[in-house]
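Asks: Fold the following.
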Amino acid sequence: AGGDEGPAEPAGPSRGQLFDTVVNTVLEKLVAAGSYERFASCYRCFYKLQPEMTRSIYEEFIFQLQASIKEEIQEVKKEGKLELLFDSLDKLVEEAKEQQEPAWRPSGTPEEDASSAMVPYLLKHQSYLRRVLKEKEKDNKQLAEAVLAGRGRIKELQQQIQARREAWE
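Replies: As a prediction, the model looks like this:
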């Protein structure tokens, strides 16, 4: 396990950690956008009567909002199995680093992209069809030979029948 942790550290935080950081940053910005001043201005009359209570309500509101959002995000991560997906993405990235040839990129011309993707498949399929055709031609040749042999045997039997009929008469 120690060998696995060594290479991962220089690569930086995991995708799960990055996701959590992004969520926390969004929450911070959300809280900043919903500042106490804005909250108080929405409830100006209440703020003028009880500023301490308004502050307490605001702080509880923000606390509950953050907790609710974090809980929802955790539920989404759990239901979507995001940790597993992040891990598999990390594995794909590591495998891609080991590849010598560059990854495929679209050319910008859909026709070229479609043909470049389809040509290998079509060539493989063409090879398969040729192989099947050769097998069928071989089977047909054997069947044709069997039919000819059968016809020869029928002709031979007809000749024997004719000869016996003539001998009998």
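Asks: Look at residue 54 and say how many residues are nearby.
Replies: 19 (other CB atoms under 10 Å). The C-beta positions use only the backbone N, C-alpha and C, and glycine is treated the same way.
Asks: lowest-confidence helix or strand of this structure?
Replies: Sorting the helices and strands of the chain by mean pLDDT, DSSP states H and E puts helix 2-11 at the bottom, at a mean of 47.
Asks: Return the distance of the longest helix seen in the chain from the chain's centre.
Replies: If you go by DSSP state H, the chain has its longest helix at helix 110-168. Computed by CA atoms, centre = their mean, to the nearest Å, the chain-centroid distance of helix 110-168 equals 42 Å.
Asks: Outline the domain layout of this protein.
Replies: As assigned by the TED database, the chain contains the domains 15-97, 117-168.
Asks: got the end-to-end distance for the first one?
Replies: What that stands for is domain 15-97. From its first residue to its last, domain 15-97 covers 17 Å (CA to CA, to the nearest Å).
Asks: chain center to that domain: distance?
Replies: Offset of domain 15-97 from its chain centre (CA atoms, centre = their mean): 29 Å.
Asks: I'd like the mean pLDDT over that domain, please.
Replies: The pLDDT scores in domain 15-97 average 88.
Asks: Ok, the last one next?
Replies: Averaging pLDDT along domain 117-168 yields 94.
Asks: Contacts only, for residue 159.
Replies: Residue 159 makes contact with no residue, according to CB atoms under 8 Å, 6 or more residues apart in numbering.
Asks: Alright, I will stop here.
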